[in-house]
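K.L.:
Got a predicted structure here, sequence first:
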Amino acid sequence: MKYKEIFLLLIFVFSVMNICSCGMAYAQPGQDTKTSESPAYIDLASAVIIRSDKASDIIVNATLDLQKAFKEQLEADVKIANDINIQDTDADGAIKVLVGDTKLCPKGSDTTYYSSAIAALGNDDHIIMVFEDNTIVLAGKKDTGAKRAVKTFAKEYLGDEKKLKSNTPFSITGKKPEVTSDDFSDFVPMMRFIAASDTHISYKGHFAEERLINLFKHSYAYADSQDYKTIDAAVFAGDVTNEGSEEHLTLLRDIIQSSARKETQVICAMGNHEYLKGSVSLFESILGQAADQHHVINGFHFISVSTVGLGLDGYASKIDWLKAELDKAFQDNPKAPIFVFQHHHTKNTVYRSEEKEGHFALRLDDIYKNYPNIVNFSGHSHGPINNPRSIYQEKFTSLGTGALTYIAINSGMSYGTVPPKAEYAGQFYIVEVDKNNRVRILPFNVITGNFFTRQIESKPDEQLIWYLTTPSDPDSFIYTRDRWTDSEPPYFDEDAVITANITADGACAAFTFPQAHDDDCIYSYKLELRGEFYIFSYNVSSGYYIEPMPTTITIPAIGIEKGKTYNVKVTAYDCYGIPCENPLTYKFTP
């Protein structure tokens, strides 16, 4: 095999080894891989590596040095084989690695799935598939399309897609580094705060006033029931009022003064609504606090930054100040979380940030990505906080704060982004930190006065909690985009059926069906109704943001003709857009 044809492969695998080698359990070189359960690593000892067809002309002399490094660092017998003789290679018990746009697939497999996975990665990226104890492992680029394709491939080839593992690192040193503990049984808070946004205080007697009062009341009731009884801070990430007028700001101030205890540092940032009838000077003079703030509370840094005006990129003038304050916080303790607040989401992070709600803080990501210990809270979109996508980790940790007044959802539903009963939802976080810099984030439902539950079939009453084991270490991040493909598809119960209520003249019908189940969150349903020269489609939310969650969903349809036959299909989707595999069907003739 020509060196230039394998060099890019070796560079890629070696890079993956270096990128993925921290924070995971590794094997001793030569460890027997024939175990009943696959280990949490890939040992490259006695590996068979298939070349990449996408190798380019590069300095081929470095190939020998790189292969030598493989052998020295891994003590591994690394075998190189091309597409032609790979099946004849003596590799019993070895790990078979497929890299790049190879045309080879395992015997008995369908090339369609592997080809679609490669296509999803693009021309300049690669995929690694490892067959070890009947386990397929995907590493390299984090791509939703690719991972879903591989899961499909795994189901066809192995008959069990649950065996897919993601982003498994390779062993470099042969030693097991210390792994960050995810056991929070010994968690003892040393600091606690409220994180909220979009309170939209307007006039006295409006339900927004009551909800803000209840936010403080419920938070203090929880704190009083704990060994650590303090709410150290309450931070509001913008749109604290509906218009930013003197009347609205004054009412907000009065609620805070009558509801917050003296030990609670209240911090408010400005959102776009503060500029409808207000200004920075009015905001600062009535609330008695700066628009941009930096506090150290119980040893932890809190930085809030306000947007300027109503237009795009409202944080442009704050970049230098923000970077300077972040540098101070990072230098003070690079391992401690830095809590940062602004009104708008950074793009392509939390739920709804991929839509227009993520277009207002374009420059902040370029700053935040340099500080992995940032735990960022943002509002504006009103996206439900009990949606698993409301927390996201890549370069840092992001959380959407939902809203205290009403929720909104992504486009795609037939009734728009504000669903029915949107005002029945009011949400915020209670956040706790311990001496080891671990963070526990508790989504709270101000309507019910209780913490949110997971609402899943296996653990319907289990409290919903987000855990940050080591906020400063990206290798410990678990709320990544991998969840989009690692999540199991939703499903309907075996006895679930669609029932129809049809008017006497047959012109209208209402279809009712039970909620499906999911390991994270049932997000929405698509109803498709088809007849001769008739097509009707309707998308609805599951109402997961309301507790108790509705047990059934009803969708009406019109334009049906008596005497004609129609077919109905209902498909459930989870919050990552994964459809169920057992949609409900129904056939009728009115």
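P.N.:
Looks like it came in fine. Numbers count the residues shown, from 1 in each chain.
K.L.:
Roughly how far does Val340 sit from Val375?
P.N.:
7 Å (CB to CB, to the nearest Å). All C-beta atoms are positioned from the backbone trio N, CA, C, and that covers glycine.
K.L.:
Who has more neighbours out of the two?
P.N.:
Shown here are Val340 and Val375; by other CB atoms under 10 Å, Val340 has more neighbours (29 against 23).
K.L.:
Look at that one and give its secondary structure.
P.N.:
Under DSSP: H, G, I helix; E, B strand; the rest coil, Val340 falls in the strand class.
K.L.:
Please tell me how far it sits from Pro489.
P.N.:
Distance of Val340 to Pro489, given as CB to CB: 35 Å.
K.L.:
Equivalent analysis for Gly271, please.
P.N.:
Per CB to CB, Gly271 is found 37 Å from Pro489.
K.L.:
Compare those two (neighbour count), which wins?
P.N.:
Legend: neighbour count by other CB under 10 Å for Gly271 and Pro489, higher for Gly271 (29 against 18).
K.L.:
ok, now which ones touch the nearest residue to that one once chain neighbours are set aside?
P.N.:
Sequence neighbours aside, Gly238 is the residue nearest to Gly271 in space, at 2.6 Å (criterion: CB to CB, 6 or more residues apart in numbering). Going by CB atoms under 8 Å, 6 or more residues apart in numbering, Gly238 touches 197-198, 269-274, 306-307, 342-344, 379-380.
K.L.:
Now intersect these with the strands, please.
P.N.:
Mapping the contacts of Gly238 onto strands (DSSP state E) picks out Ala269.
K.L.:
State the pLDDT value of Tyr392.
P.N.:
pLDDT, Tyr392: 96.
K.L.:
wait, it sits on Gly383?
P.N.:
No - in this structure, Tyr392 is not within contact of Gly383 by CB atoms under 8 Å, at 11.3 Å.
K.L.:
Please identify which of those two sits among more neighbours.
P.N.:
Taking other CB under 10 Å, Tyr392 and Gly383 do not tie; Gly383 has more neighbours (28 against 24).
K.L.:
which stretches of this structure aren't confidently modelled?
P.N.:
Under the criterion pLDDT under 70, the flagged ranges of the chain are 1-182, 356-359.
K.L.:
got any residues that touch both of Tyr392 and Gly383?
P.N.:
Counting by CB under 8 Å, 6+ apart, the residues touching both Tyr392 and Gly383 are Val350.
K.L.:
measure Ser304 to Arg192 for me?
P.N.:
With CB to CB as the criterion, Ser304 and Arg192 are 17 Å apart.
K.L.:
Who has more neighbours out of the two?
P.N.:
Ser304 (26 against 23).
K.L.:
How about the contacts made by the more buried one?
P.N.:
Contacts for Ser304 (CB under 8 Å, 6+ apart) come out as Val235, Ala237, Ile267, Cys268, Ala269, Asp292, Gln293, His294, Val340, Phe341, Gln342.
K.L.:
who touches the first one in this structure?
P.N.:
In this case it means Val235. Val235 neighbours (CB under 8 Å, 6+ apart): 193-196, 266-269, 302, 304, 339, 341, 377.
K.L.:
could I have the helix or strand where it lies exported to CSV, CA atoms only?
P.N.:
Element membership of Val235 [criterion: DSSP states H and E] is strand 233-237. The C-alpha trace of strand 233-237 is given here as CSV (Å, rounded to 0.1, in the frame of the first residue of the first chain):
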residue,chain,number,x,y,z
ALA,A,233,-28.5,35.5,44.7
ALA,A,234,-31.4,35.9,42.3
VAL,A,235,-30.4,36.7,38.7
PHE,A,236,-32.8,37.8,36.0
ALA,A,237,-31.5,37.6,32.4
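K.L.:
and it, which strands flank it?
P.N.:
Using DSSP bridges, strand 233-237 pairs in its sheet with strand 189-196 (parallel), strand 265-269 (parallel).
K.L.:
Out of those strands, which gets nearest to Thr453?
P.N.:
For Thr453, the closest of these is strand 189-196, at 19.5 Å, according to CB to CB.
K.L.:
Can you tell me what sits against the closest one?
P.N.:
With CB under 8 Å, 6+ apart as the test, strand 189-196 has contacts from 215-216, 219, 223, 226, 228, 230-237, 297-300, 302, 339, 341, 377, 379, 399, 401, 404, 428-435, 440.
K.L.:
hang on, Ala336 packs against Ile297?
P.N.:
No - with contact defined as CB under 8 Å, Ala336 does not count as touching Ile297 (11.7 Å).
K.L.:
Leaving out chain neighbours, which residue sits closest to Ile447?
P.N.:
Excluding its sequence neighbours, the residue lying closest to Ile447 (CB to CB, 6+ apart) is Gly426, at 5.2 Å.
K.L.:
Now do the contacts for that neighbour.
P.N.:
Applying CB under 8 Å, 6+ apart, we find Gly426 in contact with Arg211, Ala403, Leu404, Thr405, Tyr406, Asn445, Val446, Ile447.
K.L.:
Quick one: buried ones out of those residues?
P.N.:
Arg211, Ala403, Leu404, Thr405, Tyr406, Asn445, Val446, Ile447 (16 or more other CB atoms under 10 Å).
K.L.:
and which of those residues is nearest to Gly531?
P.N.:
Tyr406 (36.8 Å).
K.L.:
what helix or strand does the closest one sit in?
P.N.:
Counting by DSSP H and E, no helix or strand carries Tyr406.
K.L.:
ok, it to Gln427 distance?
P.N.:
10 Å.
K.L.:
ok, and for stretch 188-197, which residues are buried?
P.N.:
Pro189, Met191, Arg192, Phe193, Ile194, Ala195, Ala196, Ser197.
K.L.:
Then stretch 529-536?
P.N.:
In stretch 529-536, residues buried by neighbour count (16+ other CB under 10 Å) are Leu529, Gly531, Phe536.
K.L.:
what's the span of that stretch from first residue to last?
P.N.:
End-to-end distance for stretch 529-536, by CA to CA, to the nearest Å: 5 Å.
K.L.:
Also stretch 286-303?
P.N.:
Distance between the two ends of stretch 286-303: 21 Å, counting by CA to CA.
K.L.:
who touches that stretch?
P.N.:
Around stretch 286-303, the neighbours that count as contacts under CB under 8 Å, 6+ apart are 190-191, 193, 232-233, 235, 246, 249-250, 252-253, 265-270, 280, 283-284, 304-306, 318, 321-322, 325-326, 328-329, 332-333, 336-341, 433.
K.L.:
Equivalent analysis for stretch 272-279, please.
P.N.:
Contact partners of stretch 272-279, identified using CB under 8 Å, 6+ apart, comprise 200, 238-246, 248-249, 283, 306-307, 309-310, 314, 343, 360, 380.
K.L.:
Any of those buried? List them.
P.N.:
200, 238-245, 248-249, 283, 306-307, 314, 343, 360, 380.
K.L.:
For stretch 305-316, what is the spacing between the initial and final residues?
P.N.:
End-to-end distance for stretch 305-316, by CA to CA: 11 Å.
K.L.:
related to what we said a few turns ago, secondary structure added to the buried ones among the contacts of Gly426, as TSV?
P.N.:
Listed next are the buried ones among the contacts of Gly426 as TSV, based on three-state DSSP:
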residue	secondary structure
Arg211	helix
Ala403	coil
Leu404	coil
Thr405	coil
Tyr406	coil
Asn445	strand
Val446	coil
Ile447	coil
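K.L.:
Can you lay out those residues as JSON lines showing distance to Asn501?
P.N.:
Supplementary listing: the buried ones among the contacts of Gly426 in JSON lines, determined by distance: CB to CB, whole Å:
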{"residue": "Arg211", "distance to Asn501": "36"}
{"residue": "Ala403", "distance to Asn501": "34"}
{"residue": "Leu404", "distance to Asn501": "37"}
{"residue": "Thr405", "distance to Asn501": "34"}
{"residue": "Tyr406", "distance to Asn501": "30"}
{"residue": "Asn445", "distance to Asn501": "32"}
{"residue": "Val446", "distance to Asn501": "35"}
{"residue": "Ile447", "distance to Asn501": "30"}
